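K.L.:
3D, please:
(3 chains)
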Amino acid sequence: MEAIRFDNVTFRYNQTGDLRPPEEVLTDFGPSDYAVRGISFSIQKGEFVAILGHNGSGKSTVAKLMNGLLFPEKGTITVFGMSTRELEKLFEIRKRVGIVFQNPDNQMIATIVEDDIAFGPENIGIEPDEISRRVDWALRCVGMEGYRMASSFRLSGGQKQRIAIAGVLAIQPQVLVLDESTAMLDPLGRKEVLDVVKSLNKQQGMTVVLITHFMEEASLADRIIVLNDGEKVLEGTPRQVFSRYDYLKSIGLSVPFAAKVARILKDKGVPIEADVLTTEELFERICQLL
Amino acid sequence: MLRDVAFGQYYPVDSYVHRLDPRVKLILVVLFIAAIFLSSSWAALGACALLLLFGVAFSRVAVSKVLKSIKPILFLIIFSAVLNLLFYREGTPVLSFWIIQITDRAIRFTVLMAVRLSMLIMGSSLLTLTTTPVALTDGIESLLKPLKAVRFPVHELALIMSIALRFIPTLMEETDRIINAQKARGADFESGNIVARAKALLPILIPLLISAFRRANELSDAMDSRCYTGSKGRTKMKKLKVTYRDHIALFVSLNIMAFIIIDKVMALFPAI
Amino acid sequence: MSIIVKHLSFVYNPNTPFAKKALNDINLVIEDGDFFGIIGHTGSGKSTLVQHFNALIKPSRGNVRVDGMDPAEKGADLRELRSNVGMVFQYPEYQLFAETVFDDVAFGFRNYYKRSKKELKRDPDRFKAETEERVREAITMVGLDYEKIKDKSPFDLSGGQKRRVAIAGVIVMRPKILVLDEPTAGLDPRGKAEILRLLHELKKNYCPTIVMISHNMNEIASNCNKIAVISEGKIICVRSPQELFSDDELIREKGIEVPEAVRLFKLLRQKGISFDRLPFNAEEAAGLLFERLKEEGKYA
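P.N.:
The predicted structure is shown next:
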């Protein structure tokens, strides 16, 4: 079943007089009017898709288009068969597509963890007892059972971000979008969040859209969509995408360590395939050579 | 760290006072404050103190924590005490030198005011120590509900308060960081006249303001994403409910306050 | 210019219930010419430690000597010290405030120059010219086009440019030591690489000593000559990257994350394929592997 579909979507910030985030306007590559240009793709239910791009490539704009925080200037976005342009469907769309943002400090409404997680279910009119059950369930999903009464400002970055995920989960969405949600975390926090996301996808079949500029994170996905200056430039499995080292480098991105080593060796004439993703895989291939 | 002294710090234990309905607590605090200022005899003040003592005892909040709440306004208390002592002229002088004259009534009044202020602060911080910000704003929202009839945005106001409380520690931390960063660039906030000092604050205020706007923008996106559409069709996880606990607390408090009022009336009409 | 830290301890909120020991008996020497890395988990005390280097925080016990001077001593010239030890905080672009890039970068220099107000009154033109020269120097140094950017609002720049402007705002004081807290945080791969390249250029031509806090092990290992490991407010060790990442026991015990290149070579060693040194990034790893393949007479 198709969860989200972008058909030839184009968007620019100044069309409605929005405050344009400067990162999206003036990239190091020169100004471009459009944050997103003619993008089409489709995400199936249960899939884990990564959207990769340098800062200012339009990937955060894509996230906000997904649940009607922004509306396309041209083209259509369909979420479970509903167009984001139909304003009366917006509520239903947002119930199905939850977004976790970059800065954990800027998405919490309440000081106490349980109050914050309850915010979403309260908005959609769930009964009080059921909300309380959902808070427990959401905290279990992100491995923070003991923190129901904790104050948010006493938590670490990774913990805060897991609470933010729980806050979205409590609405029981079909799709979880993470808009650079690990960018401000330390390696430990990043790992905590990714572990949660992976298990949600694998165990509960949650559709995940992971927006990132970390290559290692993107390689966890089933499929990667690469954006550059508002356009979709590559799409494929991590193996396919990360075998394009030279191209990715030219648009300000990189590839995971293993793929890079294999690529350099291959260029020097060593018979090794460059489509490796993990260090373990690379190790196996080198053992065969030596 | 600044955030540790942030206003509205909830003390997370389970106690009788914690479990009281926030509306009841709010009403009690308002009545308590009124009672303090009605009290003009030592007996009445003693009754107020007794009420406060009950509150602290049944809240399981560390006494030191409650006492410490006075600290931020200690200066104010001392300042007003000095003024009272010096400029309250009624009564018989007990001490006089140079142009200064201190009367017995002045001493009495000074002590009275200091005790009143301290109790006021302790009483209201007991409220914030035992009530989560959300419960507090829920309480205010519920108490103000009648105003909805005149289109007063009760829900919005409550939400704004709750968010403000949530962001105090975050913004304080940020202020700390910006101050340090500008100090590292040689900024000087201590010397110069008032104009120079006000100007020196710009490198702190501007980044702080910009960041607050950025945060507000991101927060509104996050709230929209979490299906926020205002108060319509909204439920609450915690339904406010008045229980026997609240009845007991109200009963005890009202009795003490009745005593204070009677005491006041007796003082006004000594003949009765 | 060196930094010598002796028996430094620091307690947040001393004598209160919130008292928290952030640093515990730190001893450390940062020598002239070091590219000094500091690693440790969040909350280990790294940021608290470096804020002592220019007296933003004063020690609870022990002392810090910068170029032989103790900033905690009475009469110490803090302004002089703070211009010598430039401090770039995390996400420095969040401190930009002025109307133009020029004024923002000039801020530090103008503050520093205040000391000689009399001189300024005597010769305002010279001060203006000097400011312009220093700002031009700093902006050019961080790889931006002075003429193009100086009159722009700092808030109209891209994320990477903002960060460079913020760094320029610190190096305009011509620090001898530059301290950076997570200078590449939040940047994409190209942005990260550019900032690191910039740091090496600065070190070569401008301020000879650099101290960098980072969570990114690849970055620390491939750029620093010494690495201090901090854990729970204590220095665990100060080593060269080769020494540090060769010490398997320490890495296991302290849960230190290792660069991917190191992880690969440890796997190879377990298989009996060992090398006399460790690589810290893909280029080095590929280089070493290629040499070995050549030696073995395979594929070359």
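K.L.:
Quick check: the nearest residue to C:Pro154 once chain neighbours are set aside vs chain A, distance?
P.N.:
Excluding the flanking residues, the one nearest C:Pro154 by CB to CB, 6 or more residues apart in numbering or on different chains is C:Leu96, at 4.2 Å. Every C-beta, even on glycine, is put in place using the N, C-alpha and C of the backbone. Plainly put, C:Leu96 is 12 Å away from chain A if you go by CB to the nearest CB, to the nearest Å.
K.L.:
ok and the residue in the stretch 1-150 of chain B nearest chain A?
P.N.:
Per CB to the nearest CB, B:Val134 is where the stretch 1-150 of chain B lies closest to chain A, at 4.1 Å.
K.L.:
ok, the residue in the stretch 101-250 of chain C that chain B sits nearest to - contacts?
P.N.:
Closest to chain B within the stretch 101-250 of chain C is C:Asn111: 3.2 Å, counting by CB to the nearest CB. Going by CB atoms under 8 Å, 6 or more residues apart in numbering or on different chains, C:Asn111 touches B:185-188, C:79.
K.L.:
Which among those count as buried?
P.N.:
Buried members of the contacts of C:Asn111, counted by 16 or more other CB atoms under 10 Å in any protein chain shown: B:185-187, C:79.
K.L.:
Go through those and say which is closest to chain A.
P.N.:
B:Arg185 (22.5 Å).
K.L.:
Could you pull up the residues touching that closest one?
P.N.:
Applying CB under 8 Å, 6+ apart, one finds that B:Arg185 lies in contact with C:82, C:95, C:107-108, C:111, C:169-170, C:173.
K.L.:
among those residues, which are in helices?
P.N.:
C:82, C:107-108, C:111, C:169-170 (DSSP state H).
K.L.:
which stretches of the stretch 51-200 of chain B form helices?
P.N.:
Here the stretch 51-200 of chain B has its helices, by DSSP state H, counting those that start in this stretch, at B:63-68, B:74-87, B:104-130, B:133-144, B:154-184, B:194-200.
K.L.:
Now A:Ile4: phi and psi?
P.N.:
With angles defined as degrees, to the nearest 10, A:Ile4 sits at phi -130, psi 140.
K.L.:
For the residue nearest to it when sequence neighbours are not counted, report the pLDDT, please.
P.N.:
With CB to CB, 6+ apart as the criterion, A:Ile4 has its nearest non-adjacent residue at 4.5 Å, and that residue is A:Ile43. pLDDT, A:Ile43: 97.
K.L.:
And for A:Gln15?
P.N.:
46.
K.L.:
Ok, A:Pro256 next?
P.N.:
94.
K.L.:
Let me know whether it touches A:Glu216 as I believe.
P.N.:
Yes - taking CB atoms under 8 Å as the definition, A:Pro256 is a contact partner of A:Glu216 at 5.3 Å.
K.L.:
more neighbours, the two?
P.N.:
A side-by-side neighbour count of A:Pro256 and A:Glu216, using other CB atoms under 10 Å in any protein chain shown, places A:Pro256 first with 23 against 17.
K.L.:
gap between the residue nearest to that one when sequence neighbours are not counted and C:Lys152?
P.N.:
Ranked by CB to CB, 6+ apart and with sequence neighbours excluded, the top spatial neighbour of A:Pro256 is A:Met215, at 4.8 Å. Using CB to CB, to the nearest Å, A:Met215 is found at 32 Å from C:Lys152.
K.L.:
okay, those two: which has more neighbours?
P.N.:
Taking neighbours as other CB under 10 Å, A:Met215 and C:Lys152 compare with A:Met215 leading, 23 against 16.
K.L.:
Which residues are in contact with the more buried one?
P.N.:
A:Met215 sits next to A:52, A:242, A:253-256, C:189 when contact means CB under 8 Å, 6+ apart.
K.L.:
go on, B:Arg19?
P.N.:
Counting by CB under 8 Å, 6+ apart, B:Arg19 touches B:Arg245.
K.L.:
Same question for C:Gly43.
P.N.:
A:Ser156.
K.L.:
and what of B:Ala181?
P.N.:
Residues near B:Ala181 by CB under 8 Å, 6+ apart: C:87, C:89, C:92, C:95.
K.L.:
Out of these, the closest to B:Leu120 would be?
P.N.:
C:Gln95 (39.2 Å; CB to CB).
K.L.:
Identify the residue spatially nearest to the closest one, adjacent ones excluded.
P.N.:
Closest residue to C:Gln95 apart from its sequence neighbours, by CB to CB, 6+ apart: B:Ala181 at 4.5 Å.
K.L.:
any chance of the contacts of C:Asn111 in JSON lines, with pLDDT too?
P.N.:
JSON lines is the format used below for the contacts of C:Asn111 (pLDDT from 0 to 100):
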{"residue": "B:Arg185", "pLDDT": "91"}
{"residue": "B:Gly186", "pLDDT": "86"}
{"residue": "B:Ala187", "pLDDT": "87"}
{"residue": "B:Asp188", "pLDDT": "81"}
{"residue": "C:Arg79", "pLDDT": "81"}
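K.L.:
follow-up on the earlier one: now do the residue nearest to C:Pro154 against C:Leu198, distance only.
P.N.:
Distance from C:Leu96 to C:Leu198, by CB to CB: 18 Å.
K.L.:
before we move on, what about B:Phe87?
P.N.:
For B:Phe87, the distance to C:Leu198 - CB to CB - is 64 Å.
K.L.:
More neighbours: the two, which one.
P.N.:
Between B:Phe87 and C:Leu198, counted using other CB under 10 Å, the more crowded position is C:Leu198 (17 against 9).
K.L.:
pLDDT value on that one, please?
P.N.:
95.
K.L.:
ok, now B:Ile73?
P.N.:
For B:Ile73, pLDDT reads 82.
K.L.:
Number of residues surrounding the residue lying closest to it once chain neighbours are set aside?
P.N.:
Sequence neighbours aside, B:Ile121 is the residue nearest to B:Ile73 in space, at 6.0 Å (criterion: CB to CB, 6+ apart). Neighbour count for B:Ile121, taken as other CB under 10 Å: 19.
K.L.:
Most tightly packed of the helices of the stretch 51-200 of chain B?
P.N.:
helix B:133-144 (a mean of 21; mean count of other CB atoms under 10 Å in any protein chain shown).
K.L.:
can I get the CA coordinates of that helix in PDB?
P.N.:
What follows is helix B:133-144, C-alpha atoms only, in PDB (Å, rounded to 0.1, in the frame of the first residue of the first chain):
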ATOM      1  CA  PRO B 133       3.200  23.600  35.500                       C
ATOM      2  CA  VAL B 134       0.600  21.800  33.400                       C
ATOM      3  CA  ALA B 135      -1.600  21.000  36.400                       C
ATOM      4  CA  LEU B 136      -1.300  24.700  37.400                       C
ATOM      5  CA  THR B 137      -2.300  26.000  34.000                       C
ATOM      6  CA  ASP B 138      -5.100  23.400  33.800                       C
ATOM      7  CA  GLY B 139      -6.300  24.700  37.100                       C
ATOM      8  CA  ILE B 140      -6.200  28.400  36.000                       C
ATOM      9  CA  GLU B 141      -7.900  27.400  32.700                       C
ATOM     10  CA  SER B 142     -10.600  25.700  34.600                       C
ATOM     11  CA  LEU B 143     -11.100  28.500  37.100                       C
ATOM     12  CA  LEU B 144     -11.200  31.100  34.300                       C
END
